[in-house]
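Visitor: Okay, here's the prediction I keep looking at, along with the sequence it came from:
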Amino acid sequence: MAKRIDVSDVNIYYGKFLAVSDVNLTIQPRSVTAFIGPSGCGKSTVLRTLNRMHEVIAGARVEGTVALDGEDIYGAGVDPVDVRRTIGMVFQRPNPFPTMSIYDNVVAGLKLGSKKISKSELDGVVESSLRSANLWDEVRNRLSKPGSGLSGGQQQRLCIARAIAVKPQVLLMDEPCSALDPISTLAIEDLIQELKTKYTIVIVTHNMQQAARVSERTAFFNLAGIGKPGQMVEIDDTDKIFSNPADKRTEDYISGRFG
Amino acid sequence: MTLAAETPTTAFASNLRARRTKNNIATVVMTGCFLVALVPLIWLLWTVISRGWRVMVHADWFSQDQRLTQDWRTPGGGALHAIIGTLEQVLVCSLISVPVGVLAAVYLVEYGTGKLRSAVTFMVDILTGVPSIVAALFIYLIFIIEFGAGFAGIYVSLALVLLMIPVIVRTTEEMLKLVPNELREASYALGVPKWKTIAKIVLPTAFSGILTGIVLGVARVAGETAPALILVQYSASRNSNLLHGNQASLPLFIYSQFPNYANVGSKENAFTHVKEVTNNYAAGRMWAAALTLILLIALLNLVARLISRRSKVSN
């Protein structure tokens, strides 16, 4: 199910503005990779290039290659719609579709996809996805109620269920807990631990304790300087990054001596 | 220390009186303006209802036309011919304007970039300001002079299309802009193509607002008189053929009764003399037609509200 991602020599532009330069990293399957770093350093931008979501912004483009198990997702003839179906995404703020019930939210990606799927199959996907997102017991009796009636933490788990319902290989999470309280955050972190047995997970977080708790590998991003593009400083095992990082800038950042 | 004991009271209380006075003045002014704005509305409604309802509640009103009652001395008759005309003209106008207007707005918000987008926005702005009589003259020139067509209700519909499209484009555009970008992104991230995201996520989320815009557009054109005056002539009898012949509509019906109302009994100052003419049945018909037009639009508004409540976006 899970696949690995190789990012090589990636430069990301918004129009003429070089936002992130020269990123090289490898994301291992069935593990959690965390992106940390100060605001505006390009973590989210890099994350969004991993499933071509940055293309939604007019003028954004990428140089270099991003390969999913060896296949370049920016290759000629690759449909970004297929890329996003394979590499799912969960956003900072929970964003269930407001016109849809909980049930319809979970199967939105399947129903709006290209294939026709039978009702019984959809029922199965709803239950398995909600179970995987640890939400089934809380919503099993109100699947026809609107998804926006849930609490923030529940909504975010609904969004995770929605993302895994299309059976992606990789799950990208862009600060998935930053709008949630500590208890909901804990629930999502537990969920990430379960999901990593099946999926490749990349998580952007501002919370360094969270990165240390959930991830196996951590990449530290930083700005090369004021007005200069963002860059990846280093990527290493999370234990090493937080105890004995190779780069001085990483150490400054995680020990709070940043800036 | 005595100083410290005295100052707090003055520090907190010094501005209180002045602020309360200002607050009271502002409240009175706002409430006053609200009432002033309300007076003409209620007055108008009261005038139309009190003068029109007696004729309108008669059973004939919704089942008869004016063939036998053209004269102001003859009571009775109905507005069916005008109701049919208005409904047909507005329906055909909406059938053209709604898809064109909504899709144009989708283009502007979801696809448009650069010069073409600003060109379309500019044209919509200009169209919004086109007076109805100019739209009517344009259609008259193109269809009746250039193509040599005869008068027909369809040309009224076409002139109304010119007035309705900008209203729908504008309101739909605003409603689509209100749909949070996060919803579009959430949909793209599930591997849903852009067109399906617009059709199944964006438009349903904006649905009730778009519907309100459509109702506003209909309300805007249903009472337009200039196109009907220029492009079709009043017919006292029923004509449900939109493509051929004279056809009444509610504004035209009102206008047809007006000379009788205004001039009966005197050629001097019409309005002062009307009250003295006891058997002027044109007056009742005129007010009843006006009331019917208002109620028709109110009914449409109500239906739209019911529909949008059923599909309400829950937050």
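Guide: Happy to help now that I have it. What you see is a predicted model; the values in this text were computed from it and never measured. Residues are numbered from 1 along each chain as shown, chains lettered A, B, ... in the order given.
Visitor: burial measure for residue 116, as a count.
Guide: This is for chain A. 8 (other C-beta atoms under 10 Å in any protein chain shown). C-beta here means a position set from N, CA and C on the backbone, and glycine is covered the same way.
Visitor: I was after chain B.
Guide: Here the count is done by other C-beta under 10 Å, and residue B:116 has 12 residues near it.
Visitor: What separation is there between it and residue B:122?
Guide: 11 Å (C-beta to C-beta, to the nearest Å).
Visitor: Spatially central residue for the chain, please.
Guide: By default, I'm working from chain A. Closest to where the C-alpha atoms of chain A average out (C-alpha atoms, centre = their mean) is residue A:172, at 1.7 Å.
Visitor: Can you look at chain B instead?
Guide: Centroid-nearest residue in chain B, with C-alpha atoms, centre = their mean: residue B:219, separated by 1.9 Å.
Visitor: name the element that residue belongs to?
Guide: Secondary structure assignment for residue B:219, by DSSP states H and E: helix B:203-222.
Visitor: Now do that helix, average pLDDT.
Guide: Averaged over helix B:203-222, pLDDT sits at 91.
Visitor: Got the confidence number for the residue of the stretch 151-259 of chain A found nearest chain B?
Guide: Going by C-beta to the nearest C-beta, chain B is nearest to residue A:166 of the stretch 151-259 of chain A, at 5.7 Å. Note for residue A:166: predicted pLDDT of 90.
Visitor: what bridges to residue A:88?
Guide: The bridge-partner assignment for residue A:88, based on DSSP bridges, gives residue A:171.
Visitor: hang on, isn't it packed against residue A:129?
Guide: No - Residue A:88 is beyond contact range of residue A:129, at 11.3 Å (criterion: C-beta atoms under 8 Å).
Visitor: Please enumerate the shared neighbours of these two.
Guide: Here residue A:88 and residue A:129 have residue A:164 as joint contacts, going by C-beta atoms under 8 Å, 6 or more residues apart in numbering or on different chains.
Visitor: Quick check: which ranges of the chain have low pLDDT?
Guide: In the absence of a named chain, chain A is used. Scanning chain A for pLDDT under 70 picks out the ranges A:1, A:258-259.
Visitor: should've been chain B
Guide: B:1-14, B:262-279, B:311-315.
Visitor: Which elements pack onto the longest helix belonging to it?
Guide: Secondary structure of chain B per DSSP state H: the longest helix is helix B:16-56. On a contact count with 3 or more C-beta pairs under 8 Å, 6 or more residues apart in numbering or on different chains; DSSP states H and E, helix B:16-56 meets helix B:281-310.
Visitor: Spell out which residues of chain A are next to chain B.
Guide: Within reach of chain B by C-beta under 8 Å from any C-beta of the partner chain, chain A has these residues: A:51, A:53, A:56, A:58, A:81-86, A:88-89, A:91, A:93, A:95, A:97-99, A:108-109, A:112-113, A:146, A:148-149, A:159, A:162-163, A:166.
Visitor: Assign residue A:203 to helix, strand or coil.
Guide: On the three-state scheme (DSSP: H, G, I helix; E, B strand; the rest coil), residue A:203 is labelled strand.
Visitor: is the nearest residue to residue A:49 once chain neighbours are set aside in a bridge, and if so with what?
Guide: For residue A:49, ignoring the flanking residues on the chain, the nearest one in space by C-beta to C-beta, 6 or more residues apart in numbering or on different chains is residue A:62 at 5.3 Å. Judged by DSSP bridges, the bridge partners of residue A:62 are residue A:12.
Visitor: show me what contacts the single nearest residue of the stretch 51-200 of chain A relative to chain B?
Guide: The minimum distance from the stretch 51-200 of chain A to chain B, using C-beta to the nearest C-beta, falls at residue A:85 (2.8 Å). Neighbour list for residue A:85: A:109, A:113, A:166, A:168, B:190-191 [criterion: C-beta under 8 Å, 6+ apart].
Visitor: of these, closest to residue A:47?
Guide: Nearest to residue A:47 among these is residue A:168, at 14.2 Å by C-beta to C-beta.
Visitor: Quick check, the closest one in contact with residue A:83.
Guide: No - using C-beta under 8 Å, residue A:168 is not in contact with residue A:83, being 10.2 Å away.
Visitor: Looking at those two now, which is surrounded by more residues?
Guide: Between residue A:168 and residue A:83, counted using other C-beta under 10 Å, residue A:168 has the larger neighbour count: 25 against 20.
Visitor: so the residue nearest to residue A:49 sits right up against residue A:54, yeah?
Guide: Yes - contact criterion C-beta under 8 Å: residue A:62 and residue A:54 qualify, at 7.3 Å.
Visitor: Identify the contacts common to these two.
Guide: Applying C-beta under 8 Å, 6+ apart, one finds that residue A:62 and residue A:54 are jointly contacted by residue A:12.
Visitor: just to revisit the earlier point, near the residue of the stretch 151-259 of chain A closest to chain B, how many other residues are there?
Guide: The burial count assigned to residue A:166 is 22, neighbours taken as other C-beta under 10 Å.
Visitor: Also residue A:17?
Guide: Residue A:17 has 10 neighbouring residues, counting by other C-beta under 10 Å.
Visitor: before we move on, what about the one 10 residues further on?
Guide: Applying other C-beta under 10 Å, we find 23 other residues in the vicinity of residue A:27.
Visitor: again with residue B:46
Guide: Neighbours of residue B:46 (other C-beta under 10 Å): 10.
Visitor: Quick check: residue A:93 is in a helix.
Guide: No - counting by three-state DSSP, residue A:93 is not part of a helix but coil.
Visitor: Run a quick neighbour tally on it.
Guide: Counted by other C-beta under 10 Å, the residues lying close to residue A:93 total 17.
Visitor: All the strands of chain A, in order from the start?
Guide: A:5-14, A:17-27, A:32-36, A:60-68, A:71-72, A:87-90, A:170-174, A:200-204, A:217-223, A:230-237 (DSSP state E).
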